[in-house]
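> Below are the sequence and a predicted model; questions follow.
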Amino acid sequence: MCLKTLEIKFALPSSIKLNQAIGSIMQGVLMERIDHDYATYLHQQNLRPYSQYIFFSKKQNCLIWRISSLNDEAENKILTPLLDLPYSIYLRHKQINITTLSKEIIYNNTYEKLAQKYFSSIINTDEKAFIDFKFITSTTFKSQGKYIIFPDLHLLITNLLNRWNTYSQTDFLNDKTVYSQLQKHLYVADYKLNMRPFSLEGIRIPAFVGTYTIGIQPNPTAQKIFAMLSEFAMLSGIGIKTAIGMGAVQTQIHF
C-alpha cells in the first residue's frame, strides 16, 4: 500500500492576503479535479485517505501545497490528476489566478517499508528517545462533542493508530496492547504552543500551533512503534479536518 506526498509550488500573487482559509480553498481546487463519484465517496468518510495543507515559504518566496495519499486508490484518483494541474489556476473564492511553478513527488514509500525501517533498526534501549512534533497549521482534536485545544497525548496516540490501522492493511498495530504499551512509556517532555483558531465558513474553530516534544522511556518496542507513527504523521496529519489544511505536522526524532 502506497504512501506518497506531492508538492506543488505556486508564485505568490501580490494581491493575495494569506490566512487559514487558504487550506479550505485548495481543498476546493482538489475536489474540482478528481472524479465526481470518488469525491462523493470521500465526503462520506470519517477518516479520509489523504491530507493536504498549504503554507508560505519565506526562504523560497512561494506558496507550497503538499498533498499526501494514504492508499493506492487515493494516489491514483487524487495525486495523478493533480500532477496534470495547469500552469494557471483560478481561485474562485479569491477571484485571482495563481501560477504553478513546479510539481514534484517528495515522499514515496509503503507501509511495509516504513515499518521495516524502524523495526530493523538498532535502538539503544538504555537511553530515552524524544520526538518533536512541530504543528505547522492550526490543529485541534474533538472529543465528546468538544474541541480539545491542547495536544492531549491519549488523543494523539489514538488518532495516529486509527489512521494507520484504517489504511495500512496490516494488523500488527491493531491490538489494544499496542496502545497500552505506548501509553505506559510515552510522556510530555516539553512544549511551546500558541493559540491559532481556524475559521471555516464563518465558524471559528479553536486550535493551536507550535512545538510539542514527546519523550519515550527506554523501551525498544514503544520507541520503534512511535518513531514509525511520527514519520507517518507527516503524511496523515493529526487531529480533525486534515483534508482542509488543518493538523499539518513535521516531526524530528532524537534517539
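Good, I have the coordinates.
> ranges for the helices of the protein?
Across the chain, reading from the start of the chain, the helices by DSSP state H fall at 22-32, 36-43, 72-74, 80-83, 111-119, 153-167, 176-185, 220-236.
> Could you measure from I34 over to G237?
18 Å (CB to CB, to the nearest Å). All C-beta atoms are positioned from the backbone trio N, CA, C, and that covers glycine.
> So for these two, which residue has more residues nearby?
For I34 versus G237, neighbours defined as other CB atoms under 10 Å are more numerous around G237 (29 against 18).
> pLDDT at that one, what is it?
The predicted local distance difference test score for G237 is 97.
> and it, what is it in contact with?
Listed by CB atoms under 8 Å, 6 or more residues apart in numbering, the contact partners of G237 are 51, 53, 68, 246-249.
> pLDDT and neighbour count for those - can I get that in CSV?
Formatted as CSV, the entries for these read as follows, by pLDDT from 0 to 100; neighbours: other CB atoms under 10 Å:
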residue, pLDDT, neighbour count
S51, 97, 28
Y53, 95, 25
S68, 98, 27
M246, 95, 25
G247, 95, 27
A248, 97, 26
V249, 97, 26
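> Pull the most distant pair out of those residues.
When these are compared pair by pair using CB to CB, the farthest-apart members prove to be S68 and M246, with a separation of 13.8 Å.
> which secondary element of the protein has the worst mean pLDDT?
Per-element confidence for the chain was summarised using mean pLDDT, DSSP states H and E. The lowest value among helices and strands belongs to strand 198-200, with a mean of 83.
> Please identify the buried residues of that one?
Buried residues in strand 198-200, defined by neighbour count with 16 or more other CB atoms under 10 Å: 198, 200.
> Over to stretch 85-97?
By neighbour count, with 16+ other CB under 10 Å as the criterion, the buried positions of stretch 85-97 are 85, 89, 91.
> With stretch 20-40 instead?
When burial is assessed from 16+ other CB under 10 Å, stretch 20-40 yields the following buried residues: 20-27, 29-30, 33-34, 38.
> Contact partners for F133?
151, 156, 211-214, 230, 233, 238, 249-251.
> rerun at 10 Å
If you count contacts by CB atoms under 10 Å, 6 or more residues apart in numbering, F133 has them with 139, 151, 156, 191, 210-214, 230, 233-234, 238, 249-252.
> same deal with I22?
Contacts for I22 (CB under 10 Å, 6+ apart) come out as 16, 53-56, 63, 65, 91, 93-94, 137, 245.
> That'll do, ta.
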